[in-house]
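Chemist: let me see the structure of the following:
(2 chains)
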Amino acid sequence: MKSLKAQQHPLSKIAYELEVLDAPVKGVKFEDKLAESDLFPLKPTQIDILQINMGKMCNQVCKHCHVDAGPDRKEIMTKETMNQCLNVIKNGTIKTVDLTGGAPEMNPDFRWFIEEIRKISESIDIIVRCNLTIILANPKYHDLPDFYKKHRLEVVSSLPYFTATKTDSQRGDGVFEKSIKALKMLNDVGYGKEDSELKLNLVYNPSGAFLPAEQSGLENEFKKRLKNGYDIEFNSLFTITNLPISRFLEYLLRSENFDNYMEKLLEAYNPVAAANVMCRNTISVGWDGFLYDCDFNQMLELKVDAPASQHISEWSQKALVEREIILKQHCFGCTAGAGSSCGGATA
Amino acid sequence: MKTYYNPDDLKNFGKIGEFQKPMADKFFEYYGEVFKEGALTAREKSLIALAVAHAIQCPYCIDAYTVDTMEKGCDEEQMMEAVHVAAAIRGGASLVHSTQMMNKVKEISM
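Modeler: Got it, this is the predicted structure:
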């Protein structure tokens, strides 16, 4: 399967995607709901998390991917941009560096970058969003579990379900079996054990046009099924709602689920989740160094509303903290039900 | 094409109070209470509702509880097993009556 960009699909054109997303849902705009909750304009609380997209290249082509990542995507963060990120980590208030992609490990300078972050701080939290199959994709990646362990990275990995059918239908044929092997490799070096400091967290997202299950109940079910079926352990399950952009938006439109899904998100709007949205304490860095309110706004090319600080090279903490967060209809995805963020439920 | 069942009518279920509000209010309050997490989990209750929806063959309920069970984290295999429970009870309910037929046969046979 090719990326939407390689297919030259209309939804790979951002202007068209934004046009689709601009329509009110039953006459309601996201800003209206935030105003009802006294949260408009939405402002940051602080900047704790620097989420860095190290490139759009990936060994998988997942059907719901909001990045439209895949082997045919060549956008990769350069060492120069990474050095600019290091300057911010050195001088800023960042508590967590969250590395994502694509498959961040496919960036040739991935290991160097992590070693440099650790030189700056032994205590800063570093998260790697590992798709699991990358560990088995090539012999040069087989030692990744040891590398993660050496630098005490938190590993966050997608596993949409504890069965092959559902996982493979979303992430590609054979992904479940490879993911199980990779999880075993991570368990073998100490990740995911109950008393271990090496955290292995899994991400569940629905395989279709419906909302995720309640997080703690599903975590118990995942733990039971993965332990009994495959002797695999992990720490926490994060439930994430699919946001209606990129490939998931393409699926919603093609399957004629778009209107119903948007209404479902609107009806499930939760003001507590709205107050806790991740864009209030996160800055997302694109592969080319531009700054965004979140990974989704990054894919929609909606740069932060801070004209003096739109690139990592011109980072201004003050300008970023004082900015207004850019909102579109896809934001309903983060405020539905128990809420959704890169760390799971928020309410 | 006109049909007796319109999927969009499911969204209007909450509006039945338009014709009789006190009873509708009591029903929805009771309904909400029933499906809360209790001695049974919300997930278990949703699977029971899915099975009952098939037993009573209510298209609205089948749509509603197919989505609800998926949103409770159930997979297709679990959902189909719940429907088989309904089918087994319905099938069994017919078959267990065959004992009456057998009794009658024996009663009138030499």
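Chemist: leaving out the residues flanking it, which one is nearest to the closest residue to chain A within chain B?
Modeler: Using C-beta to the nearest C-beta, the closest approach of chain B to chain A is made by residue B:73 at 3.3 Å. Backbone N, C-alpha and C define where each C-beta goes, glycine included. Spatially, and ignoring its direct neighbours in sequence, residue B:73 is nearest to residue A:213 (3.3 Å; C-beta to C-beta, 6 or more residues apart in numbering or on different chains).
Chemist: hang on, residue A:141 packs against residue A:103?
Modeler: No. Counting by C-beta atoms under 8 Å, residue A:141 stays clear of residue A:103, with 9.1 Å between them.
Chemist: the more surrounded of these two?
Modeler: residue A:103 (28 against 19; other C-beta atoms under 10 Å in any protein chain shown).
Chemist: quick revisit: list the contacts of the residue of chain B closest to chain A.
Modeler: Applying C-beta atoms under 8 Å, 6 or more residues apart in numbering or on different chains to residue B:73 gives the contacts A:204, A:212-214, A:217-218, A:221, B:43.
Chemist: switch the cut-off to 10 Å
Modeler: By C-beta atoms under 10 Å, 6 or more residues apart in numbering or on different chains, residue B:73 lies in contact with A:161-162, A:204, A:206, A:212-215, A:217-222, A:237, A:239, B:43, B:46.
Chemist: give me the pLDDT for residue 87.
Modeler: You didn't pick a chain, so chain A it is. In this model, residue A:87 is scored at 97, pLDDT.
Chemist: my question was about chain B
Modeler: For residue B:87, the pLDDT comes out at 98.
Chemist: residue A:130 too?
Modeler: Here the pLDDT value assigned to residue A:130 is 98.
Chemist: for it, give its distance to chain B.
Modeler: When distance is defined by C-beta to the nearest C-beta, to the nearest Å, residue A:130 is 23 Å away from chain B.
Chemist: look up phi and psi at that residue.
Modeler: phi -100, psi 130 (degrees, to the nearest 10).
Chemist: does it touch residue A:99 like I think?
Modeler: Yes. If you go by C-beta atoms under 10 Å, residue A:130 and residue A:99 touch, sitting 9.1 Å apart.
Chemist: got the contact list for residue A:285?
Modeler: Neighbour list for residue A:285: A:50-54, A:77, A:81-82, A:84-85, A:88, A:97-98, A:100, A:291-292, A:295, A:298, A:311-312, A:315 [criterion: C-beta under 10 Å, 6+ apart].
Chemist: check what pLDDT residue A:91 gets.
Modeler: 87.
Chemist: who's in contact with it?
Modeler: Applying C-beta under 10 Å, 6+ apart to residue A:91 gives the contacts A:120, A:315, A:317.
Chemist: please repeat the previous calculation with a cut-off of 7 Å.
Modeler: Counting by C-beta atoms under 7 Å, 6 or more residues apart in numbering or on different chains, residue A:91 touches no other residue.
Chemist: same thing with residue A:212?
Modeler: Going by C-beta under 7 Å, 6+ apart, residue A:212 touches A:204-206, A:239-241.
Chemist: can you rerun that using 8 Å?
Modeler: Contacts of residue A:212 by C-beta under 8 Å, 6+ apart are A:204-206, A:218, A:239-241, A:337-338, A:340, B:71, B:73.
Chemist: looking at neighbours, which among the residues you listed is most surrounded?
Modeler: residue A:340 (28 neighbours).
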